[in-house]
Structures are given as C-alpha cells and as structure tokens.
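Novice: Need coordinates for the following:
(one chain, ligands or ions: 1)
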Amino acid sequence: MKGTVHYEVRDNVALLTIENPPVNPLSSGVRQGLYDGFAKALADDTLDAIVVTGAGRAFIAGADITEFGKPLEGIDLHEMCAFMESSEKPIIAAINGLCLGGGFEVALVSDYRVAAPDAPIGLPEIKIGVLPGCGGTQRLPRLIGPKEALDVMLSGDPMPAAEAHGIGIVDEIIEGEIVDGAVAYAQKIVAAGAATRKIRDESTRIEAYRGNDEFFAEVRKKLPRKRRDRFATEMIIQCVETGVNSDDFDAGLQFEFASFDKCFKHPQREALIHVFFSEREVARIPDVPKDTPVKTIEEAGIIGCGTMGGGIAMCFANVGIPVKVVETDGEAMERGLGVIRNNYEIQAQRGRITKTGVEERMNLITGISDYNDLKDVDIVIEAIYENIDVKKEVFEKLDKVIKPGGVLASNTSGLDIDAIAAATSRPEDVIGTHFFSPANIMRLLEVVRGEKTNAESIATAMKLGKTLGKVAVLSRNAPSFIGNRMLNKYGYQAGEMVAQGASPYQIDRTMLAFGMPMGPYQMDDLVGLDLGWRARSLAGKEPQSFPERFNDALCEMGRFGQKSSRGYYIYPEGSRTGEQDSEVLELAKSIAREMGFAATEFDSETILKRLWYAVVNEGARILEDGIAIRPCDIDIVYINGYGFPETEGGPMFWADRQGLDHVLADIKAFKETCGGEIWEPAPLLERLVAEGKTFSNLQGS
Ligand code: NAD
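Specialist: Here you go, the predicted model:
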C-alpha cells in the first residue's frame with residue numbers, strides 16, 4: 001500500500017503524521033494508516049485528543065487520482081471519515097501546507113482546524129469534472145454558509161489559510177511551528193472542557209437558505225462562462241441545495257455520493273483529467289532533462305510597447321519582476337504606458353488589485369529609449385511589428401548590448417526563429433516566446449526552439465512561463481509554429497464554407513454551441529478586418545481567395561469589425577454583442593456567385609467536421625514533422641491559446657473520441673467533394689488508423 005502514517009504520543013495527545021511524498025495524497029496506505037492511528041489513539045485511555053498533520057510541504061493534497069478506476073485497496077475514504085466523525089476524542093487537523101480536495105474533507109470531519117498562515121486550502125474537484133465526494137458539499141455549507149461554500153467549490157481555486165480563517169474554515173492560525181502549536185491548542189481546548197464538535201450537527205449557517213429557491217436560481221444565473229457548461233457545476237449546486245433543504249445529514253451524503261458517481265461517469269471527467277495530466281506533461285522535454293540549469297530572471301527588457309509588449313510587461317510586473325520597455329517613438333511610449341496604467345486601474349476598480357498595487361506595478365515598469373540601458377537585463381523579449389527584416393536589425397543591436405548569457409527572445413507569431421538568431425553572434429541564446437493576446441490574461445506561452453537554441457535557454461523560457469503563471473508548451477521552429485498553423489486551416493475552412501453557401505452566423509453559432517468562447521467571424525470582428533486589407537494594399541496586392549475578397553469588400557464599406565461598430569456583425573452603440581446583417585449575407589452570396597461557387601445547404605455536423613477535422617489533420621502533420629512533442633501538447637495549446645473547450649479535452653483528444661477511422665473516412669470524403677491540399681490525409685493519421693491506434697497511443701513519445 002502506498003503511503004504511511006506515523007504515530008507518536010506527546011503528553012496526553014496522539015500525533016498522526018501522514019507521509020506520502022511529495023504532497024501526501026490519500027493513497028491506500030494513508031487511508032489505512034489514519035484509520036489504524038485513530039483506532040489506536042481512541043483505545044488509549046491516557047490520551048485526550050488527536051492531532052493529525054502532514055510531513056513535508058503538504059497536509060493532504062487530495063485523493064490519489066492514479067487510483068481512480070482501479071480496484072479499492074485498504075479502507076475506503078468514506079469509511080475512514082465516518083470513523084473519524086464518530087470519534088469521542090476531539091480531532092484537530094493541523095494544516096501545515098497544501099490542504100486540497102479529499103484533504104480538506106478530512107479536515108472537515110475533524111473537530112477543529114488550525115493552520116499555517118499561507119497553507120493553501122480548497123476544493124479543486126470541479127477542475128477535473130467531479131465534486132467533493134466525501135462530505136465536502138454537505139459539511140462546508142454548514143460550516144461557512146451555502147453562498148461562501150459554493151464560491152469555494154465552483155471556483156475550485158485554493159485560498160491561503162489566513163483567508164480561510166477569515167470566513168470561519170480555520171479556527172486558529174499558528175504562526176510558529178505548526179505541530180507544537182496544534183498540540184498546545186489541543187491541550188488548551190481539552191483543559192477548557194471542550195469536547196468534540198461535529199459539523200454535521202451544525203445548522204445555523206444553512207437555516208436562512210432552507211426553501212430559498214431564489215438563492216439557488218441566482219447562483220445558476222450568475223455562473224461564470226467557464227463553469228456554465230460543466231456537468232459537475234450543476235451537480236455541486238444540487239448537492240448543496242439538497243443538504244440545505246434537508247434535516248437528514250446522511251441522506252445528503254448519499255445524494256452527494258450518487259452525484260459524484262454521475263460526474264465520474266460523465267465524458268467531461270475523462271477529458272478534464274486528460275487536460276490536468278497534459279498540463280504537467282508538457283513541461284517534460286525529452287532532450288532537456290529536469291536538472292538542466294536555468295538562468296535567473298531578475299530583470300527583463302521588452303522591445304516595443306504596443307499591444308503585446310505592453311501586455312508582456314504587465315506579466316512581469318504582476319509577479320514583481322522589474323522590466324524596462326524600449327520604444328524609439330516617444331508618443332508610442334506614452335500611449336503604451338498609458339494603456340498599461342489604464343488596464344491596471346480597471347483591475348483596481350473591479351477590486352482585483354488594490355490602488356497601491358497599481359502603483360507598485362507601474363513602478364516596476366520603466367520606459368526607455370536607449371538600447372544601452374538594457375545591459376543588465378537577464379532576458380529581452382522583442383515585440384515589434386511582424387517584419388523579419390526589422391526584427392533582424394533589432395536582434396543585431398541586442399546582440400551588442402545584452403550581457404553574455406542573457407536570453408534573446410522574440411514574440412513573433414510565426415516568423416523564422418533561426419533567421420532571427422542568425423542576425424546575432426549567439427544563436428544558442430535566441431528563442432521564441434510567443435505570448436497570446438491579451439498577454440496579461442491568456443494562459444498560453446508557446447516557446448519556440450531554434451535549430452541552435454541550447455537546453456539552458458529552453459529550460460529558462462519554460463520556467464519563465466511558470467513564473468509568469470502561464471502554461472508553456474514547446475514548439476519547434478516552423479512557419480506559424482503549432483497553434484497559428486492549425487488556426488490557419490480553421491479560418492480557411494470557415495471561408496470556404498461561406499463561399500459554398502454557409503452563413504458566417506451559422507458557423508459562429510455552431511462553434512458557440514460546441515463550447516468555443518466565440519466563432520471565427522466574431523473573432524475576426526474583434527481582431528479587426530482591416531489588418532489584412534491594409535497589408536494587401538501596402539504590398540499592392542489584389543485580394544485573391546474568397547475570404548480575402550469578402551474581407552476586403554467589407555473594409556471598403558468601412559466595416560472594420562468591432563472598432564468601427566460594423567464588420568461581419570453590426571454592434572449597436574457600446575455593445576460587444578453583434579447583430580446579424582442581411583447586407584453581409586448578400587455580399588457573401590454575390591462574391592461567391594461571381595467566383596463561380598455553387599451554393600449548398602450546410603448542417604451543424606458538417607460545419608463542425610469541416611472546421612475541426614482540418615485542424616486535426618494539420619495537428620497530425622505537426623506531430624509527424626516533430627513540431628509538437630506529443631498530441632497533448634497540441635491539446636494544451638488549443639485550449640489555452642484558442643479557447644477550445646477544456647471539457648472536450650483538446651482537438652487531438654476529441655478526434656480520438658470521434659474514432660480516428662471515422663475522422664479519416666470523412667477527411668477522404670471531403671477530399672472527394674471539396675478537394676484541395678487541406679484534405680490530403682496526414683500520413684500519421686492513416687498509419688494510426690491502419691494500426692488501430694489513437695493519438696493517445698503516442699503520448700509520452
Ligand atoms: P503593435 O503594432 O501593437 O506594437 C509594436 C510596437 O513596437 C509599436 O508600439 C512600435 O512603436 C514599436 N516598435 C516598432 N519598431 C521598434 C523598434 N525598432 N524599437 C522599439 N520599438 C519599436 O504590435 P503587436 O500586436 O504588439 O505585435 C508585436 C509582435 O507580437 C508581432 O511580432 C506580432 O506578430 C506578435 N503577436 C501579436 C499578437 C496580437 O494579437 N497582436 C499575438 C501574438 C503575437
């Protein structure tokens with residue numbers, strides 16, 4: 001059995017210490033060890049109380065999810081918790097560190113909770129598609145009230161113990177040595193005559209909510225977008241509702257148990273677990289071992305304070321790293337810094353940071369105009385226009401001023417990192433760090449290794465991603481890297497379908513129903529239709545394809561997207577929600593007719609397949625070319641950079657679920673009906689189907 005629990009006696013108190021490195025999950029040996037420890041302490045008449053704590057940096061980080069789906073070994077967690085709850089001696093949970101999920105539920109069946117001030121406490125189950133299934137949905141509302149308990153469970157985010165103390169989860173914060181403090185606390189309550197205190201017997205915090213349907217209706221109405229489509233969300237709300245409305249605590253536990261089972265069997269759960277493990281897996285790079293030295297980043301430099309440069313500067317300032325931003329144009333500098341300040345002030349107005357927080361962050365960002373002032377920075381990230389010649393010039397300059405060993409990074413969306421590196425005398429230090437817009441919000445960081453980038457620079461950029469709160473995925477250097485290369489196929493397919501008779505609105509609706517935050521045309525309106533149009537007119541090029549002609553015709557009408565209140569959609573004053581416009585549909589039809597396209601009817605299933613199968617086919621090529629390490633790297637890129645719903649596990653996971661033989665058959669059918677290189681089946685896809693395998697069989701390769 002995995003994990004142990006050490007037993008010792010301190011005066012009149014039994015001390016149980018869980019040891020299951022690194023984070024003490026509730027593996028079989030821990031559950032059994034706790035049960036045996038409690039039994040031993042309860043049988044010893046010389047003892048008055050029991051303290052339970054964790055060795056190392058965690059109290060208990062949760063269930064052991066590697067045991068999910070396997071036969072049960074040792075005692076079941078529910079039985080162990082029921083035994084704890086029946087204890088006639090007070091149990092004190094001494095929360096020394098991470099206290100998550102099942103770990104928090106163990107703390108909730110304890111009679112008292114004391115904690116180190118910064119120990120993270122939370123119920124993250126919703127993130128993997130389940131719910132707190134060991135009494136958490138029943139006990140937490142009784143302890144702190146249904147509203148607060150739902151906030152904790154539906155966000156899934158942990159809070160520091162000091163905050164948990166503020167809302168009544170933790171009884172006492174212990175500043176010094178936690179075990180000594182917990183034993184002293186146990187002795188104090190025993191001396192004061194306090195005995196056990198079971199949350200199941202508390203009802204004062206829930207009484208006001210009994211029969212209050214409006215409260216629960218309001219909770220459902222105000223769910224954040226990321227939680228609305230989760231099956232587990234509704235299950236958690238129902239569990240709390242059941243617990244609040246019933247006097248029978250055990251019936252509530254049973255309802256929770258049954259609801260957990262429903263979540264467990266739901267397809268979203270498997271997808272979310274895949275995402276959970278994939279996020280960890282992407283950090284593993286076969287030829288960059290874990291012990292590769294990383295460079296310390298104490299100060300950063302950024303070239304360009306435009307949309308991306310400004311956002312990236314905020315990422316550094318948010319984690320307390322000073323950053324120097326270079327703009328050669330004084331007005332652009334002023335504008336860029338103004339945008340950053342404005343963003344922070346909006347965050348302060350929304351209560352996300354304090355007013356002092358705004359100033360602290362702004363003080364970390366220094367605008368400069370002389371490249372020589374970058375001589376002390378540990379990394380510089382170039383974020384100027386997407387033009388290879390100008391970027392090369394900038395890197396030549398950076399090569400001269402950045403200290404030896406400093407990382408030279410480019411935020412290019414898809415230009416050749418090797419060409420950029422060749423402009424320097426140290427290509428081993430040159431790397432792509434592709435942030436997504438808005439850079440201070442989007443979680444994805446595509447790290448792009450050039451031919452000569454060394455392991456240290458790769459490890460440093462990957463670690464930087466983590467420091468900045470991002471999920472970093474490594475790509476090889478190839479046009480448009482991983483994400484944009486796939487997005488190009490998606491956009492192309494959308495355009496082709498409109499040429500063939502689908503409406504942009506129908507396409508957007510289909511993608512929204514699939515769970516995307518917006519459809520491709522809503523996205524274009526947000527980014528602006530004029531970028532391509534202007535680039536084409538600057539280069540003196542005529543629009544060629546249907547999407548280019550459609551786009552440019554809209555721009556000629558002054559329809560640039562949201563910024564001009566008209567694009568594919570019409571945006572009434574101050575609104576970001578677009579309305580359909582028949583003029584746009586007519587325009588699409590007439591251009592398509594002119595170009596000789598025949599109009600056909602489209603259903604959502606075809607739209608979905610045309611868009612995603614084009615993406616998946618390209619994903620298979622990306623794998624074949626060794627651009628992405630594993631299919632899960634592609635999934636993580638698409639979820640965090642392009643809004644693919646987590647509940648579907650990412651495009652490659654989703655394709656596996658459709659059955660790769662079906663995917664391939666449809667791709668071949670599209671090749672017949674639509675033609676084009678895009679529908680040439682990727683050899684990897686053909687090979688997997690021939691061998692009866694899936695993309696998931698390639699994981700870990
Ligand atoms: P932008 O036009 O908003 O900003 C570029 C800034 O660089 C301008 O403020 C300009 O004054 C400044 N600049 C130009 N040359 C300079 C120089 N030699 N020295 C110092 N400053 C200089 O552009 P952006 O949208 O922020 O894009 C920057 C880079 O990021 C591009 O490579 C782009 O492809 C990439 N990118 C953009 C997005 C996006 O959504 N906007 C997303 C990912 C990556």
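Novice: In the stretch 201-350 of the chain, what residue lies closest to the ligand?
Specialist: G306 (1.8 Å; Cβ to the nearest ligand atom). From N, CA and C alone the C-beta is placed, and that goes for glycine too.
Novice: what sits against that residue?
Specialist: Residues in contact with G306, defined by Cβ atoms under 8 Å, 6 or more residues apart in numbering, are 332, 336, 383-384.
Novice: 7 Å - rerun?
Specialist: By Cβ atoms under 7 Å, 6 or more residues apart in numbering, the residues touching G306 are 336, 383.
Novice: So which residues of the stretch 201-350 of the chain form helices?
Specialist: With DSSP state H, counting those that start in this stretch as the criterion, the stretch 201-350 of the chain has helices at 204-207, 213-221, 225-228, 231-245, 249-265, 267-281, 307-318, 330-349.
Novice: avg pLDDT for stretch 166-185?
Specialist: Averaged over stretch 166-185, pLDDT sits at 97.
Novice: swap that for stretch 378-394, please
Specialist: Here the average pLDDT along stretch 378-394 is 96.
Novice: can you tell if it touches the ligand?
Specialist: Yes: using Cβ under 6 Å from any ligand atom, stretch 378-394 reaches the ligand at 383-386, 394.
Novice: which of the residues you listed are buried?
Specialist: Of all the residues of stretch 378-394 next to the ligand considered here, the ones buried according to neighbour count by 16 or more other Cβ atoms under 10 Å are 383-384, 394.
Novice: Quick check: strands, which of the residues you listed are part of them?
Specialist: Residues of those located in strands (DSSP state E): none.
Novice: Count residues in the vicinity of the closest residue to H6 other than its chain neighbours, would you?
Specialist: Nearest in space to H6, with sequence neighbours left out and distances taken as Cβ to Cβ, 6 or more residues apart in numbering, is T17 at 4.4 Å. Residues within reach of T17, counting by other Cβ atoms under 10 Å, total 21.
Novice: same check, this time on L538
Specialist: Burial of L538 is recorded as 8 neighbouring residues (other Cβ under 10 Å).
Novice: quick one: it from E360, how far?
Specialist: 41 Å (Cβ to Cβ, to the nearest Å).
Novice: returning to what we had before: is it true that the residue nearest to H6 touches G3?
Specialist: No: under the criterion of Cβ atoms under 7 Å, T17 lies out of contact with G3, with a separation of 11.4 Å.
Novice: Tell me the buried residues in stretch 524-536?
Specialist: Neighbour-count burial for stretch 524-536 flags 524-525, 528-530, 532-533, 536 (criterion: 16+ other Cβ under 10 Å).
Novice: Now do the same contact list for the residue of the stretch 551-700 of the chain found nearest the ligand.
Specialist: The ligand sits closest to G641 of the stretch 551-700 of the chain, with a gap of 9.2 Å, by Cβ to the nearest ligand atom. Contact partners of G641, counting by Cβ under 7 Å, 6+ apart, are 436, 442, 444, 483.
Novice: ChimeraX command to pick out the buried ones of the residues you listed?
Specialist: Selection of buried members from these for ChimeraX, criterion 16+ other Cβ under 10 Å:
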select :436,442,444,483
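Novice: tell me, which of the contacts of G641 make contact with the ligand?
Specialist: With the criterion set as Cβ under 6 Å from any ligand atom, the members of the contacts of G641 near the ligand are F436.
Novice: Show me the contacts of G641 that map onto strands.
Specialist: Among those, the members that lie in strands (by DSSP E) are L444.
Novice: Save the contacts of G641 as a markdown table, and put in pLDDT and distance to K290 too.
Specialist: Converted to a markdown table, the contacts of G641 look like this (pLDDT from 0 to 100; distance: Cβ to Cβ, whole Å):
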| residue | pLDDT | distance to K290 |
| --- | --- | --- |
| F436 | 97 | 26 |
| M442 | 96 | 26 |
| L444 | 98 | 22 |
| G483 | 97 | 25 |
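Novice: Skipping adjacent residues, who's closest to D530 in space?
Specialist: Leaving aside its chain neighbours, D530 sits nearest to F560 (4.4 Å; criterion: Cβ to Cβ, 6+ apart).
Novice: How many residues are close by E207?
Specialist: The local packing count at E207 equals 8, with neighbours defined by other Cβ under 10 Å.
Novice: Name the residues that touch stretch 316-335?
Specialist: Residues outside stretch 316-335 that contact it (Cβ under 7 Å, 6+ apart): 297, 299-305, 309, 313, 336, 361, 364-369, 371, 373-374, 377, 440, 467-468.
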